[in-house]
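Student: using only what follows, build the 3D model:
(2 chains, ligands or ions: 2)
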Amino acid sequence: MQKVIEVKNLTKKFKELTAVNNLDLNVYSGDIFGFLGPNGAGKSTTIRMLTTLINPSSGTIKIFDKPLKQKRNEILRKVGAIVEKPDFYGYLSAYKNLEILGQISGCDTSNKRIMEILETVGLEKRAKSKVKTFSHGMKQRLGLGQALLHDPELIILDEPTTGLDPQGMKEIRELIIYLAKEKQKTIFLSSHILAEVELVANRMIIINKGATVVEGMVQDLLNASQLKVSFEIDEIEKAKILLAETQWKKKIESFGDYQILFLLEKEEISPLNKFLVEQGIGVHSIVPKRSLEEYFLHLTEKGA
Amino acid sequence: MYTLVKIELYKIFRKWRTSIGFAAIGVLVPVIQIAMYFQGEHYLQFITRNFSDNFVFVGNLLNGYLIAYFILGSLTIHIPFLIALVAGDLLAGEATAGTYRMLITRPVSRIKLVSAKFIAGLIYTNLLVLWLAVISLGVGIMIFGIGELIVFKDAIIIFAQNDILWRFAFAYAFAALSMSVVCSLGFLFSSLVENAIGPIVTTMTVIIIFTIFSAINIDFFRTIKPYLFTNYLSTWHLVFDDPVNYDEIIKNCLVLTGHILGFFGITLFLFKRKDILT
Ligand SMILES: Nc1ncnc2c1ncn2[C@@H]1O[C@H](COP(=O)(O)OP(=O)(O)OP(=O)(O)O)[C@@H](O)[C@H]1O
Ligand SMILES: [Mg+2]
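Tutor: Ligands and ions are numbered 1, 2, ... in the order given. The predicted model follows:
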């Protein structure tokens, strides 16, 4: 498979602070690549280097098998990006912002193309509104539009769902999957929410304090870990007694008023559900609660 | 490149601060003209008092030309401020707005982007001076009519009616060149920071301090005076000499152009390597 991004020994220092520390990563053609890390891990700093906003202190970046430093324009013609929060010329309309950015990129800025992009991100009705009248979520959508404008092969998204409502998050997720599956785009998706990446990405890297914690296929990484799962049930007291006599007892993390929190392997969810139902206990919902923090904890516990 | 400049101009002229420049001149100049309309004779008597015993002035001395000449001389701080207002915002404004991230990630080199911005800034500067010319000369002539231009320097010089317009044409051209230096300086400061206030204040501070230095008649300041660019900003004055000292004018123009290229060169050099952190 063709490498789209190849980063080697990438380091960025801000005075004494090392924001990105000897980072290696590889993104392959067709990947939806999850780039995970808690706040301040160095995600945006890495993305700024990938988009030539800042210069690496050391290390190399190759995109489409070409050195970014030397072939910047050639490479960026095929890259669309959202870097941190989406900011536009507030005194211009959404349409005009896209038109200007498209003209600078030298791509198709016909009315048809721009309206098509605005429709893709659900802003066609606000095309003529000034961006300063937009909500954060709407700017986020326009940011995505701007990244897609020149039909790039590689799309770099820095936390594209922050500030979106659940419906908006879902739409973006679906758009990302559509772009990767139907349009053969490669997606580099940064996030600090593991659950979000888990839903779309095929490969991922987790970084902390600028350095790699773990890297690999999403399936392999997450299947090896236990999940916190919340079972919402109707008869808590009855369940407590029943569970106390079974092997499930050891898996209980805590009791709530209407739910029990278990720590489970993925394969155990279904048998546990079956057990509860067979005992006549109504199960209203099963919600996995895997967070990046817990996954970290799990990794470090495993390591120790 | 043409497209980039067009886009930058569009951005400049869609911003409020740009209209401030044109509005300020559009208001300030007529106010001066109206004041001159009512008080001008006093002013004329005052400046001719030393000569009026020996000369008899005839004709319409308080005419559009004199007013335009007077205005050009009295706006030496205001116009640079209006230039700095826009020039200081050209790059820093993108930082404040966060739009650098959209702009600098396009497949166009930074050199090109910065050059386009700079050219757009120069076009604004020249248009503003042109606007000043149109208002002060055009409206001035409409109100006061034309006549001979009387200029008081070391000596009193009177230019015949048909010997004036070309001098103004050159005067405004030199004023535009001088203001382009102010624009380049504002632009340089603008590339260094993330907010437009800093570059505007710094540009004005430099101009004011240099102007003060130039005016101090102490040996030390006299020695450095030739090295202060503000000293050359009033080159336009030289076309109202008789005879005109062309060598001096050419030298000044070279100095001014050198400053423009110098400031712009430093901007390019610094911006090419700059980490965009906003
Ligand atoms: N301009 C700067 N000057 C100094 N330090 C900086 C600068 N920008 C970022 N940092 C530091 O670099 C580290 C990484 O920041 P970065 O913005 O890359 O994190 P992130 O992973 O994107 O976090 P978040 O999820 O909050 O967006 C942080 O410790 C931050 O304080
Ligand atoms: Mg970030």
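Student: helix, strand, or coil at the residue most central in space within chain B?
Tutor: Central residue of chain B (Cα atoms, centre = their mean): B:Met179, 3.3 Å from the mean position. Of the three states, B:Met179 takes helix under DSSP: H, G, I helix; E, B strand; the rest coil.
Student: wait, B:Met36 sits on B:Gly64?
Tutor: No: between B:Met36 and B:Gly64 there is no contact under Cβ atoms under 8 Å: 10.1 Å. From N, CA and C alone the C-beta is placed, and that goes for glycine too.
Student: so what sits against both of the two?
Tutor: B:Phe144 (Cβ atoms under 8 Å, 6 or more residues apart in numbering or on different chains).
Student: got a list of what the closest residue to chain B within chain A touches?
Tutor: Residue nearest to chain B within chain A: A:Asp87 (3.0 Å; Cβ to the nearest Cβ). Listed by Cβ under 8 Å, 6+ apart, the contact partners of A:Asp87 are A:139, B:97-99, B:101-102.
Student: can you check B:Ile20 too?
Tutor: B:82, B:85 are the contacts of B:Ile20 under Cβ under 8 Å, 6+ apart.
Student: can you report phi and psi for A:Pro152?
Tutor: phi -80, psi 160 (degrees, to the nearest 10).
Student: got it, and B:Leu9?
Tutor: According to degrees, to the nearest 10, B:Leu9 has phi -60, psi -40.
Student: and the pLDDT for the residue nearest to B:Ile197 when sequence neighbours are not counted?
Tutor: Nearest non-adjacent residue to B:Ile197, counting by Cβ to Cβ, 6 or more residues apart in numbering or on different chains: B:Gly88, 7.8 Å away. B:Gly88 carries a pLDDT score of 95 in this model.
Student: cool, B:Phe51 as well?
Tutor: On the pLDDT scale, B:Phe51 gets 64.
Student: and what of A:Asn97?
Tutor: For A:Asn97, pLDDT reads 96.
Student: what's the answer for A:Arg72, then?
Tutor: 94.
Student: cool, and A:Arg290?
Tutor: On the pLDDT scale, A:Arg290 is placed at 67.
Student: before we move on, what about B:Gly138?
Tutor: Note on B:Gly138: pLDDT of 88.
Student: and it, how many neighbours does it have?
Tutor: Neighbours of B:Gly138 under the rule other Cβ atoms under 10 Å in any protein chain shown: 12.
Student: now do B:Ala120
Tutor: Number of residues near B:Ala120 (other Cβ under 10 Å) recorded here: 22.
Student: and the residue lying closest to it once chain neighbours are set aside, how close does it get to B:Arg14?
Tutor: Closest residue to B:Ala120 apart from its sequence neighbours, by Cβ to Cβ, 6+ apart: B:Glu8 at 3.6 Å. Distance, B:Glu8 to B:Arg14, by Cβ to Cβ, to the nearest Å: 11 Å.
Student: what's the neighbour count on residue 34?
Tutor: No chain in the question, so chain A it is. Counted with other Cβ under 10 Å, A:Gly34 comes out at 25.
Student: if you could check chain B rather than the one you did, that'd help
Tutor: B:Ile34 has 12 neighbours, counted by other Cβ under 10 Å.
Student: so which helix or strand takes in it?
Tutor: According to DSSP states H and E, B:Ile34 maps onto helix B:16-48.
Student: can you give me the offset of that helix from its chain's centre?
Tutor: 17 Å (Cα atoms, centre = their mean, to the nearest Å).
Student: next one: stretch B:117-129
Tutor: 11 Å.
Student: kindly report the residues of the stretch 51-200 of chain A close to ligand 1.
Tutor: Residues of the stretch 51-200 of chain A lying near ligand 1 by Cβ under 6 Å from any ligand atom: A:His192.
Student: residue of the stretch 51-200 of chain A closest to ligand 1, please.
Tutor: A:His192 (4.7 Å; Cβ to the nearest ligand atom).
Student: confirm A:Gly102 sits in a helix?
Tutor: Yes: judged by three-state DSSP, A:Gly102 forms part of a helix.
Student: list the residues that contact it.
Tutor: With Cβ under 8 Å, 6+ apart, A:Gly102 has these contacts: A:108-109, A:113-114, A:149-150.
Student: mind listing what's buried in stretch A:6-26?
Tutor: By neighbour count with 16 or more other Cβ atoms under 10 Å in any protein chain shown, stretch A:6-26 contains the buried residues A:6-7, A:10-12, A:18-21, A:23, A:25-26.
Student: so B:Lys117 touches B:Leu90, yeah?
Tutor: Yes: between B:Lys117 and B:Leu90 there is a contact under Cβ under 8 Å: 5.0 Å.
Student: neighbour count: these two, which is higher?
Tutor: A side-by-side neighbour count of B:Lys117 and B:Leu90, using other Cβ under 10 Å, places B:Lys117 first with 28 against 25.
Student: and the contacts of the helix or strand containing B:Asp89?
Tutor: For B:Asp89, the host element (DSSP H and E) is helix B:78-90. By Cβ under 8 Å, 6+ apart, the surrounding residues in contact with helix B:78-90 are B:8, B:12, B:15, B:17-18, B:20-21, B:24-25, B:28, B:117-118, B:120-121, B:124-125, B:128-129, B:132, B:175, B:179, B:182-187, B:189-190, B:196-200, B:202-204, B:207, B:233.
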